[in-house]
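Visitor: Fold the following for me, if possible:
(2 chains)
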Amino acid sequence: MHLTIDDVRHVADLARLHLTDEEVRLYAQQLSAILDYAERLQEVDTSDVPPTPYVLPLQNVMAEDVPQPSLLNEVALANAPDKADGFFRVRAVFEE
Amino acid sequence: MSMTTVARPEETTFELVVGMEVHAQVLTQSKMFCRCATDYQGAPPNTRTCPVCLALPGALPVINRAAVEATIRTGLALNCRINETAVFARKNYTYPDLPKGYQISQYELPLCADGYLEIDLEDGSTKRVRIRRVHLEEDTGRSVHEGGYSYIDLNRAGVPLMEIVTEADIHSPEEAYAYLTRLRATLRALGVSSGDMEKGALRCEPNISVRTLEQKARGEYGVKVEVKNLNSFRSVRNAIAYEMERQIAILRAGGSVEQVNMGWDEERQCTVLQRGKEDAHDYRYFPEPDLPPLRIPREEVERLAATLPELPAAKRNRYEQAWGLRRTEANILSGEAAVARFFEEAVAAYGESDGKPQRLATWMTGELFRLLYADGEGQDLRQIASIKIRPTQFAALLKLVDDKVINPNTGKKVLEIMYVTGEDPQVIVEREGLAMVSDVSAIDEAIAAIFAANPTELARYRAGEEKLFGFFMGQVMRATKGKADPAAAKERLLQLIRG
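Guide: Numbers count the residues shown, from 1 in each chain, chains lettered A, B, ... in the order given. As a prediction, this is how the structure comes out:
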């Protein structure tokens, strides 16, 4: 499966990665090779197999609706690179 | 498009097409995938968080059973099919109020699908708005933008959120309003959401487009515009009406509508461009690997179906059919569970015969609601649950009027006092001396005094100026401080005035 330069730019954009033209070309090749490898799975006939959303033999794992104590504000913010007045602080985000 | 292919665009008829997306916070004690409390309103920032809703490495979500049940009950009330297998999915996008970098939502296998909600149209007929799906997801955090920074509070992140999506079945701003009103009443009757738009517990995003009848015949749709930031049903209605006009004007002028997101400017009553189509999102949904699927056995669906209360539409029909209520009052009284409860308890005390429920309904929606609306902050009928008047006292007041112990005008005064003090109406009538005077001798005495004081008017009446009767009637009511039984007073006056 051949990924175009535009495909790679789109995916990079969604992942907020800023790539050079050189990197885009390189990753287009590498990602295409990975997809080619995975494409071998297409050879298996799965028309009779229902989609598998989850691989472990588990279902209906749920908890009762009973609140438990939360973290203290200081603890919640302990690893934050920037904070103010009990909030996480980040550079202003608006749609570009 | 060349002008020759379009037959006079200014004469083209357009059809409005609206699909509605509603997000409703689910009334649970704890969050969707962790057990942090959901009581974040008014709480200091970041005091309702844990490793799961902070998205710390290695933390794993666990599904809240109550949220799942609430969603299935909603699906059942909206006549949906409950899928035997429901799967959570990751919806990927990058925004600071979404700490994981994805929202856990549902995509291919939602809990509920293919239902409908019946709404009333203005001409008295009903219409089904089809429900495409009802699924469960998590709310995002809150961001405050200030001085080049965004401040993030994750208390709300992970609060359970139901998304209710219609087919594009809505064809007027009024239908949209009727749909939302009925939907909110249903959610409140189920007790699954507060439905409070002003608190952000309910959010509406209409997708609005218009199309020509030719497009309709071909099964085609126009380009749709999504409007966000609507904070009341009235805004939704106004925004749809505005967008419809805007899009039709563009098309009539030979232009084309762009697929964009608009915001609603409440002050200027118009839509404004929020985001162009160029960054249309690509969410790359995939099944959530951290959550096993839900298998919902038929018995579980049946068990939940048995817990559904009587829904507003059914209540409305019962009020009309069993109690002979008019449509208007039946709709108002069935729309809020607390109001319906008050009304039904009052009917139980007052009686179902001789048009009594309608009389009660008229008094409730008129006099009592006037007091309710004037009370407190919001014009919120749900505060009826906490007023001092009990339904039995309200029924007792109407009995006093029926039995002519007091006349209707005095009844309104007594109601006002009851609203403040919570006393029984009989107690108020006795203490304030408000009982109606139907004692003929007292009325006769008053009439004689009035004749003596107004000889000229009496002479003019007797000379044929009959419209003066109203003047004398007014004098009698005034002389008895409004307490005279109007029927008795009129009868005595008619008799005595002839001389």
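
Visitor: low-scoring pLDDT stretches of the chain, where are they?
Guide: Since no chain was named, I'll use chain A. Within chain A, the stretches with pLDDT under 70 are A:94-96.

Visitor: let's do chain B instead
Guide: Low-confidence segments of chain B, defined by pLDDT under 70, are located at B:1-10, B:275-281, B:377-378, B:437-438.

Visitor: can you list the domains in it?
Guide: Here the domain assignment for chain B is B:17-210+B:227-247+B:275-301, B:312-431, B:440-497, based on automatic domain parsing.

Visitor: Report the beta-bridge partners for the nearest residue to residue B:162 once chain neighbours are set aside.
Guide: Counting by Cβ to Cβ, 6 or more residues apart in numbering or on different chains, residue B:24 is the residue found nearest to residue B:162 once chain neighbours are left out, at 4.8 Å. (Glycine included, C-beta is placed from N, CA and C.) Using DSSP bridges, the bridge partners assigned to residue B:24 are residue B:162, residue B:202.

Visitor: Spell out for me which residue occupies the centre of chain A.
Guide: Within chain A, one residue has its C-alpha closest to the average C-alpha position: by Cα atoms, centre = their mean, that is residue A:15, at 7.9 Å.

Visitor: any idea how far that one is from residue B:354?
Guide: Residue A:15 sits 73 Å away from residue B:354 when distances are taken as Cβ to Cβ, to the nearest Å.

Visitor: related to what we said a few turns ago, now do the contacts for the residue nearest to the residue nearest to the centre of chain A when sequence neighbours are not counted.
Guide: When the adjacent residues along the chain are set aside, residue A:15 lies closest to residue B:94, with 7.9 Å between them (Cβ to Cβ, 6+ apart). Contacts of residue B:94 were listed using Cβ atoms under 8 Å, 6 or more residues apart in numbering or on different chains, and they are A:14, A:15, A:16, B:101.

Visitor: And residue B:298, by the same measure?
Guide: If a contact means Cβ under 8 Å, 6+ apart, then residue B:298 has residue B:84 as its contacts.

Visitor: Repeat the analysis, applying 10 Å as the threshold.
Guide: With contact set as Cβ atoms under 10 Å, 6 or more residues apart in numbering or on different chains, residue B:298 has these partners: B:82, B:84.

Visitor: do the same with residue B:448
Guide: Contact analysis of residue B:448 by Cβ under 10 Å, 6+ apart lists residue B:496.

Visitor: again with the one 4 residues further on
Guide: When contacts are counted by Cβ under 10 Å, 6+ apart, residue B:452 is found next to residue B:458.

Visitor: just residue B:379 next, same as before
Guide: Contacts of residue B:379 by Cβ under 10 Å, 6+ apart are B:369, B:372, B:373.

Visitor: repeat for residue B:133
Guide: Listed by Cβ under 10 Å, 6+ apart, the contact set of residue B:133 reads B:75, B:80-81, B:83, B:106-107, B:109-115, B:163-167.

Visitor: do that again at 6 Å, thanks
Guide: B:110, B:113, B:165 (Cβ atoms under 6 Å, 6 or more residues apart in numbering or on different chains).

Visitor: can you check residue B:98 too?
Guide: When the contact criterion is Cβ under 6 Å, 6+ apart, the partners of residue B:98 are residue B:140.

Visitor: where's stretch B:459-475 relative to the chain centroid, distance-wise?
Guide: How far stretch B:459-475 lies from its chain's middle: 50 Å, per Cα atoms, centre = their mean, to the nearest Å.

Visitor: Mind listing what's buried along that stretch?
Guide: B:461, B:468, B:472, B:473, B:475 (16 or more other Cβ atoms under 10 Å in any protein chain shown).

Visitor: In a helix, the third one, correct?
Guide: The reference is to residue B:472. Yes. Using DSSP: H, G, I helix; E, B strand; the rest coil, the secondary structure at residue B:472 is a helix.

Visitor: Report the separation between the residue nearest to it when sequence neighbours are not counted and chain A.
Guide: Counting by Cβ to Cβ, 6+ apart, the nearest residue to residue B:472 once its immediate chain neighbours are dropped is residue B:493, at 5.8 Å. According to Cβ to the nearest Cβ, to the nearest Å, residue B:493 stands 68 Å off from chain A.

Visitor: ok, and what's touching the host helix or strand of residue B:493?
Guide: Assessed by DSSP states H and E, residue B:493 sits inside helix B:486-497. For helix B:486-497, the external contacting residues (Cβ under 6 Å, 6+ apart) are B:407, B:438, B:443, B:444, B:447, B:472, B:476.

Visitor: What residues sit buried inside it?
Guide: For helix B:486-497, the neighbour count (16+ other Cβ under 10 Å) marks B:486, B:488, B:489, B:490, B:492, B:493, B:497 as buried.

Visitor: Stretch B:285-297 too?
Guide: Judged by neighbour count using 16+ other Cβ under 10 Å, the buried positions of stretch B:285-297 are B:287, B:288, B:291, B:292, B:293, B:294, B:296.

Visitor: Of these, which belong to helices?
Guide: Residues from these lying in helices, with DSSP state H as the criterion: none.

Visitor: and these as TSV, adding distance to residue B:423?
Guide: What follows is these, written out as TSV (distance: Cβ to Cβ, whole Å):
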residue	distance to residue B:423
B:287	62
B:288	59
B:291	57
B:292	59
B:293	59
B:294	54
B:296	52
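
Visitor: What lies in contact with stretch B:107-124?
Guide: Residues external to stretch B:107-124 that are found in contact with it (Cβ under 6 Å, 6+ apart): B:71-72, B:75, B:78-83, B:85-87, B:89, B:126-131, B:133-136, B:178-179, B:182, B:285, B:313.

Visitor: Can you get me a residue count around residue B:26?
Guide: One way to gauge burial is a neighbour count; for residue B:26, by other Cβ atoms under 10 Å in any protein chain shown, it gives 26.

Visitor: Spatially nearest residue to it, not counting backbone neighbours?
Guide: Of all residues not flanking residue B:26 in the chain, residue B:160 sits nearest, at 4.0 Å (Cβ to Cβ, 6+ apart).

Visitor: and that neighbour, how far is that from residue B:66?
Guide: From residue B:160 over to residue B:66 (counting by Cβ to Cβ), the distance is 8 Å.

Visitor: again, but for residue B:396
Guide: Plainly put, residue B:396 is 40 Å away from residue B:66 if you go by Cβ to Cβ.

Visitor: Who has more neighbours out of those two?
Guide: Residue environment comparison for residue B:396 versus residue B:66 gives the larger neighbour count to residue B:66, 21 against 17, counting by other Cβ under 10 Å.

Visitor: who's in contact with that one?
Guide: A:65, B:28.

Visitor: so where does it fall, helix or strand?
Guide: If you go by DSSP H and E, residue B:66 is part of helix B:65-77.

Visitor: wait, does the helix or strand just after that helix make contact with chain A?
Guide: From helix B:65-77 onward toward the C-terminus, using DSSP H and E, the following helix or strand is strand B:81-82. No. Applying Cβ under 6 Å from any Cβ of the partner chain, one finds that strand B:81-82 is not in contact with chain A, the shortest distance being 14.0 Å.

Visitor: Next secondary structure after strand B:81-82?
Guide: strand B:85-86.

Visitor: Name every sheet partner of that next one and say whether each one runs parallel or antiparallel.
Guide: With DSSP bridges as the test, strand B:85-86 is paired with strand B:294-295 (antiparallel).
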